[in-house]
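# Sequence below, structure please.
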Amino acid sequence: MPAVGTVARAAPWVGAMPWVGAVPWARAVPGIGAVPGAGTVPRAAPRSSRPEPAGPRDAARRSLWAQRRRAGRLRGAGWAGAERSSGARTLSLPQRWGWGAAAPCCRPPSSAGAEMLLARGRLGLLLLGALLAFLLYLLLPAALHGQRSRPDEGKRGRRAANNTARAGMAAGEPPVFYREVLAGTAGPGRPDVLFLHGQAFTSKTWEALGTLALVAGEGYRAVAVDLPGYGDSPPAETVLTAQGRVAFLDHVLQQLGMQRPVLISPSMSGRFALPFLLVRGDQLSGFVPIAPVGTKDYTAEQYRRIQTPTLILYGDRDTGLAPQALQNLQHLPEHHVVVLPGAGHACYLDKPEDFHRALLGFLHPLK
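This next block holds a predicted model:
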């Protein structure tokens, strides 16, 4: 190709082109191989010896090169951050981009900030302690006063809470249903207590009222029965007469193993309790009539022969049976009277605390 050689000779820059010598056919073309520099690849000049470009675009390139060199130095130094000469905290490149070192929000606070947080924490603890001390100052005296004012009541409540009523059916004729709470801490010589009930009630009344548990908690065996035809006790024709009712109570005491009990008799149960009191009064440790029926069936002379300790108990709002019962029962020589203010015929339901207090006060001296 003579034209190629001619062109090569006419254009000296062709020999300076590094790729010309690298092309295989360039060596074979006449004229090209003779071009100075053809067939050899000139070595690249060092970066430091490269001519710096001029112009706005070249200035931008120089700036970019300088940034890249600076970034390379930072990477070589382990991405160490540098602070400005003014003392303000700056971020290294990895911190700015979220690499390696912790972000500024995660860096530990300065010593001044830590001291401030510590001071605030101490102040909060002091305020909390002062508040708790103030609350104890207000509440503790009231609690201690409540414990000192009623020391026995809490003790009785704990003893009563451990006693649970058990139910059963006394064998014999007629069968009798009963509920019983055994004495929690039986005292020496303390009598058993037998509870009868009124016409509208059963033995369940005394359990629900807490009377059985309370009395048992004081060391007494407490038993409540369902009279024939009431509650779970079947009817019995034998109790239609006074003698039959006395025999019924004899049967109950024998089957339940009760000796010299205290007999509690409200309202309708007076039909059972009063005949038994007149005939078997010496077999009772005490008698508590609560406005019972049938008191007018006996004379003052019959009452005077009874030596059984008696508590006549009624509510001041009971204007029916209570005055009549009091008029007749006051002939009993060993009696005293307790009137519950604000209570009606079933005074034990209207004023249970007053009733329990009066009952326990009567039981304690008995032997």
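# Just the CA coordinates for stretch 208-219, please, in CSV.
Coordinates of each C-alpha in stretch 208-219 appear next as CSV, following Å, rounded to 0.1, in the frame of the first residue of the first chain:
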residue,chain,number,x,y,z
ALA,A,208,-74.6,-17.3,106.1
LEU,A,209,-74.6,-14.7,108.9
GLY,A,210,-71.2,-16.0,110.1
THR,A,211,-72.5,-16.8,113.6
LEU,A,212,-71.5,-20.4,113.6
ALA,A,213,-67.9,-19.6,112.5
LEU,A,214,-67.7,-16.7,115.0
VAL,A,215,-68.8,-18.7,118.0
ALA,A,216,-66.6,-21.6,117.0
GLY,A,217,-63.7,-19.2,116.7
GLU,A,218,-64.2,-18.3,120.3
GLY,A,219,-63.8,-21.9,121.4
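# In that stretch, which residues are buried?
Within stretch 208-219, the residues that count as buried by 16 or more other Cβ atoms under 10 Å are 209, 211-219. Just so you know, the C-beta spots here come from the backbone N, C-alpha and C atoms, and that holds for glycine as well.
# how about residue 339, secondary structure?
Put simply, residue 339 is strand when judged by DSSP: H, G, I helix; E, B strand; the rest coil.
# give the contact list for the nearest residue to it once chain neighbours are set aside.
Once flanking residues are discounted, residue 339 sits nearest to residue 316: 5.2 Å by Cβ to Cβ, 6 or more residues apart in numbering. Shown in contact with residue 316 (Cβ atoms under 8 Å, 6 or more residues apart in numbering): 339-343.
# filter those residues to the buried ones?
Burial by neighbour count, 16+ other Cβ under 10 Å: within the contacts of residue 316 this picks out 339-340, 343.
# In the contacts of residue 316, find the pair that's most separated.
339 and 342 (10.3 Å; Cβ to Cβ).
# how would you label residue 127: helix, strand or coil?
Under three-state DSSP, residue 127 falls in the helix class.
# Give me the pLDDT for residue 323.
We have a pLDDT of 94 for residue 323.
# how much space between it and residue 274?
17 Å (Cβ to Cβ, to the nearest Å).
# more neighbours, the two?
Using other Cβ atoms under 10 Å, the more surrounded residue of residue 323 and residue 274 is residue 274, with 27 against 11.
# Domains in the chain, by residue range?
1-36, 154-363 (automatic domain parsing).
# what packs against the helix or strand that contains residue 336?
For residue 336, the host element (DSSP states H and E) is strand 335-340. Judged by 3 or more Cβ pairs under 8 Å, 6 or more residues apart in numbering; DSSP states H and E, strand 335-340 is in contact with strand 310-315, helix 352-363.
# strands paired with the first one, and their directions?
By that I understand strand 310-315. strand 286-290 (parallel), strand 335-340 (parallel) (DSSP bridges).
# Adding mean pLDDT and distance to residue 127, write those out as TSV.
Below are the strands paired with strand 310-315 laid out as TSV (pLDDT from 0 to 100; distance: least, Cβ to Cβ, whole Å):
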stretch	mean pLDDT	distance to residue 127
strand 286-290	98	60
strand 335-340	97	53
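# Select, out of those, the one closest to residue 129.
Residue 129 lies closest to strand 335-340 among those, at 50.2 Å (Cβ to Cβ).
# got the angle for the closest one vs helix 352-363?
Strand 335-340 runs at 170 degrees relative to helix 352-363, counting by axes from the mean of the first three to the mean of the last three Cα atoms, to 10 degrees.
# got the CA positions of strand 335-340 in CSV?
C-alpha atoms of strand 335-340 as CSV (Å, rounded to 0.1, in the frame of the first residue of the first chain):
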residue,chain,number,x,y,z
HIS,A,335,-82.1,-13.2,133.4
HIS,A,336,-80.8,-9.9,132.0
VAL,A,337,-82.1,-7.9,129.0
VAL,A,338,-80.3,-6.5,125.9
VAL,A,339,-82.1,-4.3,123.5
LEU,A,340,-80.6,-3.7,120.0
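# related to what we said a few turns ago, pick the most deeply packed of the helices and strands packed on strand 335-340.
strand 310-315 (a mean of 24; mean count of other Cβ atoms under 10 Å).
# got a list of contacts for it?
Contacts to strand 310-315, defined as Cβ under 8 Å, 6+ apart, come from residues 286-291, 321-322, 325-326, 329-330, 332, 334-347, 350-351, 355, 358-359, 362.
# Report the buried members of the residues you listed.
286-291, 321-322, 325-326, 329, 332, 335, 338-340, 343-347, 350-351, 355, 358-359, 362.
# quick one: residue 190 and residue 216 touch, right?
No. At 10.6 Å, residue 190 and residue 216 do not qualify as touching, with contact defined as Cβ atoms under 8 Å.
# quick one: common contacting residues for the two?
Common neighbours of residue 190 and residue 216, counting by Cβ under 8 Å, 6+ apart, are residue 183.
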